[in-house]
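Asks: sequence unknown, structure follows:
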């Protein structure tokens with residue numbers, strides 16, 4: 001749907017009284033909008049008209065960006081961070097937009113590998129919210145903008161004004177109708193396809209692939225792990241063929257780890273950009289070679305196979321934090337952890353899951369490995385009740401307990417792991433990981449890039 005451009009709000013125009021407020025106050029204003037990350041999604045409004053109207057009112061900042069657009073079921077954040085690391089290694093000014101965050105909302109908007117300053121995000125959010133209010137006054141499409149629409153518009157405004165060479169934009173949900181699809185990516189990535197958000201995206205992998213492939217635009221290239229003979233891969237390939245877009249697939253070993261798969265996808269994106277003539281300011285060619293060990297280390301994100309410890313009366317217990325929330329990704333996480341060979345004894349799992357996730361399938365994967373599960377839930381988040389998860393786990397043959405409070409559940413799960421001489425896996429949701437990460441300790445000094453302190 002085409003939305004006629006509205007008069008943009010000049011960056012040097014007098015700011016309204018609310019501009020310059022600290023980020024918590026601006027977020028309180030933002031939180032009055034519909035946030036589908038916290039609600040059941042059965043009646044979710046999806047569409048690009050509100051987003052396009054907001055961006056037009058903000059001066060179309062996305063039109064000043066060269067974009068790599070990253071979608072898929074799992075691995076979007078890690079692949080995006082790796083692409084960002086390669087672009088930065090080449091000396092290119094780069095922004096990255098991702099969701100959800102683990103501990104601070106500033107993690108979602110990174111400039112040159114670091115979370116955006118709170119004051120910068122607050123100002124951009126204020127302007128995006130002003131555009132939303134103006135659209136409501138004018139009865140324009142932007143009046144129906146959601147929490148994610150406004151945040152995405154603010155991120156694009158930050159990027160558009162920062163003079164970036166490239167922006168790496170991660171899809172929020174789906175692709176075709178996602179707020180981020182107001183950008184035109186020169187490369188579109190579909191990491192993989194699994195069953196998720198089925199009430200919105202469809203009940204088959206093919207239907208979900210049709211939504212996710214909607215980020216592919218004419219003139220772009222598609223980078224994906226999906227094979228052409230796969231039901232989802234066939235849909236993505238057909239979309240590419242209809243648009244005349246090349247499809248690039250990494251060569252992966254059958255037993256490739258999550259990290260290897262992510263690096264291969266990111267490397268292929270960098271190869272594509274380099275082949276199209278993209279160079280760093282000193283003439284540095286882009287390519288997979290930029291993703292050496294140092295670049296991969298700096299691209300690690302919190303809550304993705306992250307090693308930490310938690311204190312118990314019996315001593316520290318090793319903890320792995322991972323936001324896996326679909327069965328196939330959990331299976332890959334467990335496979336990679338088993339290969340690592342440095343985690344002592346059996347493990348216990350602490351699990352919370354959003355209501356639209358395949359909890360039964362997820363717990364069935366855990367049933368083959370976990371010694372015990374503590375089920376919990378997240379206040380103010382749409383999700384499975386702890387007791388409902390416990391019943392599913394018990395039905396799958398796992399010893400399970402329910403504790404609604406995440407903090408109490410962490411203490412209980414850590415005690416169970418300590419009693420068994422093992423370790424603890426916190427999984428099922430990045431929101432759970434974010435809620436509990438502060439109660440754990442890093443294994444060694446240091447700070448991962450683009451995370452809050």
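Replies: Nice, thanks for sending it over. A quick note: this is a predicted structure, and the numbers were derived from the prediction, not measured.
Asks: residue 63: neighbour count?
Replies: For residue 63, the count of nearby residues is 12 (other CB atoms under 10 Å). For every residue, glycine as well, the C-beta is placed using N, CA and C.
Asks: do the same with residue 320
Replies: 20.
Asks: now it. Nearest residue, chain neighbours left out?
Replies: residue 425 (5.0 Å; CB to CB, 6 or more residues apart in numbering).
Asks: and the gap between residue 316 and residue 257?
Replies: Look at residue 316 and residue 257: by CB to CB, to the nearest Å, they are 26 Å apart.
Asks: skip ahead from the helix or strand that contains residue 53 and say which helix or strand is next.
Replies: In this structure, residue 53 sits in helix 49-57 according to DSSP states H and E. Moving toward the C-terminus from helix 49-57, the next helix or strand (DSSP H and E) is strand 67-71.
Asks: tell me the helix or strand right after that following strand.
Replies: The helix or strand immediately downstream of strand 67-71 is helix 76-89, counting by DSSP H and E.
Asks: other SSEs contacting the next helix or strand after that next one?
Replies: Scanning forward in sequence from helix 76-89 by DSSP H and E, the next helix or strand is strand 94-97. Applying 3 or more CB pairs under 8 Å, 6 or more residues apart in numbering; DSSP states H and E, one finds that strand 94-97 contacts helix 76-89, strand 109-111, helix 147-161, strand 166-170.
Asks: beta partners for the residue nearest to residue 84 when sequence neighbours are not counted?
Replies: Residue nearest to residue 84 in three dimensions, not counting chain neighbours: residue 96, with 4.6 Å by CB to CB, 6+ apart. Beta-bridge partners of residue 96, counted by DSSP bridges, are residue 110, residue 168.
Asks: tell me the spacing between residue 96 and residue 82.
Replies: From residue 96 to residue 82 the distance is 10 Å (CB to CB).
Asks: equivalent analysis for residue 344, please.
Replies: According to CB to CB, residue 344 and residue 82 sit 30 Å apart.
Asks: same deal with residue 319?
Replies: 24 Å.
Asks: more neighbours: which of these two?
Replies: Shown here are residue 319 and residue 82; by other CB under 10 Å, residue 82 has more neighbours (31 against 26).
Asks: and the residue nearest to that one when sequence neighbours are not counted, what element?
Replies: Closest residue to residue 82 apart from its sequence neighbours, by CB to CB, 6+ apart: residue 266 at 3.5 Å. Element membership for residue 266 (DSSP H and E) is helix 258-275.
Asks: got it, and residue 192?
Replies: Judged by DSSP H and E, residue 192 forms part of no helix or strand.
Asks: need phi/psi at the closest residue to residue 108 other than its chain neighbours.
Replies: Counting by CB to CB, 6+ apart, the nearest residue to residue 108 once its immediate chain neighbours are dropped is residue 101, at 5.1 Å. Main-chain dihedrals, residue 101, degrees, to the nearest 10: phi -90, psi 160.
Asks: list the contacts of residue 101.
Replies: The contact partners of residue 101, by CB atoms under 8 Å, 6 or more residues apart in numbering, come to 107-108, 434.
Asks: now restrict those to buried residues only.
Replies: Buried by 16 or more other CB atoms under 10 Å: 107-108, 434, out of the contacts of residue 101.
Asks: from those residues, which is closest to residue 194?
Replies: Of all those, residue 194 sits closest to residue 434, with 21.8 Å by CB to CB.
Asks: and the angle for the helix or strand where the closest one lies with helix 76-89?
Replies: Secondary-structure element containing residue 434, defined by DSSP H and E: helix 430-437. For helix 430-437 against helix 76-89, the angle by axes from the mean of the first three to the mean of the last three CA atoms, to 10 degrees is 70 degrees.
Asks: what's the next secondary structure element after helix 430-437?
Replies: Remark: after helix 430-437, the chain's next helix or strand is strand 441-442, criterion DSSP H and E.
Asks: same for that next one, what does it pack against?
Replies: strand 306-310.
Asks: just the residues contacting the strand it packs on, thanks.
Replies: Here strand 306-310 has contacts from 300, 316-322, 410, 414, 424, 433, 437, 439-443, 448, using CB under 8 Å, 6+ apart.
Asks: if you set the cut-off to 10 Å instead, what comes out?
Replies: With contact meaning CB atoms under 10 Å, 6 or more residues apart in numbering, strand 306-310 is reached by 102, 300, 302, 315-323, 337, 340, 342-343, 350, 410-411, 413-415, 417-418, 423-424, 426, 433, 436-437, 439-444, 448, 451.
Asks: sheet-wise, list the partners of the helix or strand that it is followed by with their directions.
Replies: Next helix or strand after strand 306-310 toward the C-terminus (DSSP H and E): strand 317-321. Sheet pairing here is set by DSSP bridges, and for strand 317-321 it gives strand 306-310 (antiparallel), strand 423-427 (parallel).
Asks: residue 334 against residue 370, yeah?
Replies: Yes - with contact defined as CB atoms under 10 Å, residue 334 counts as touching residue 370 (8.8 Å).
Asks: who touches both of these two?
Replies: The contact lists of residue 334 and residue 370 share 347, 349, 425, 427, where a contact means CB under 10 Å, 6+ apart.
Asks: so which two of these are the farthest from each other?
Replies: Among the shared contacts of residue 334 and residue 370, 347 and 427 lie farthest apart (CB to CB), at 10.4 Å.
Asks: pull up the overlap in contacts between these two.
Replies: Counting by CB under 10 Å, 6+ apart, the common neighbours of residue 347 and residue 427 are 320, 334, 366, 370.
Asks: and the first one, what's its pLDDT?
Replies: According to the prediction, residue 320 has pLDDT 97.
Asks: kindly report the same for the last one.
Replies: The predicted local distance difference test score for residue 370 is 94.
Asks: same thing with residue 395?
Replies: pLDDT, read off for residue 395, is 93.
Asks: swap in residue 283?
Replies: 92.
Asks: correct me if wrong: residue 327 contacts residue 367.
Replies: No - Residue 327 lies out of contact with residue 367 (CB under 10 Å); the separation is 11.1 Å.
Asks: these two: which is more packed in?
Replies: Higher neighbour count among residue 327 and residue 367: residue 327, with 20 against 15, using other CB under 10 Å.
Asks: distance check, that one against residue 74.
Replies: 11 Å.
Asks: which residues do those two both contact?
Replies: Joint contacts of residue 327 and residue 74 (CB under 10 Å, 6+ apart) are residue 194.
Asks: state which helix of the chain is the longest.
Replies: helix 118-138 (DSSP state H).
Asks: ok, the shared contacts of residue 334 and residue 370 vs residue 276, which is closest?
Replies: Using CB to CB, residue 427 is the member of these that sits closest to residue 276, with 38.4 Å.
Asks: next up, the contacts around the closest one.
Replies: Counting by CB under 10 Å, 6+ apart, residue 427 makes contact with 303, 320-325, 329-330, 333-334, 349-353, 362, 366, 370, 373, 433.
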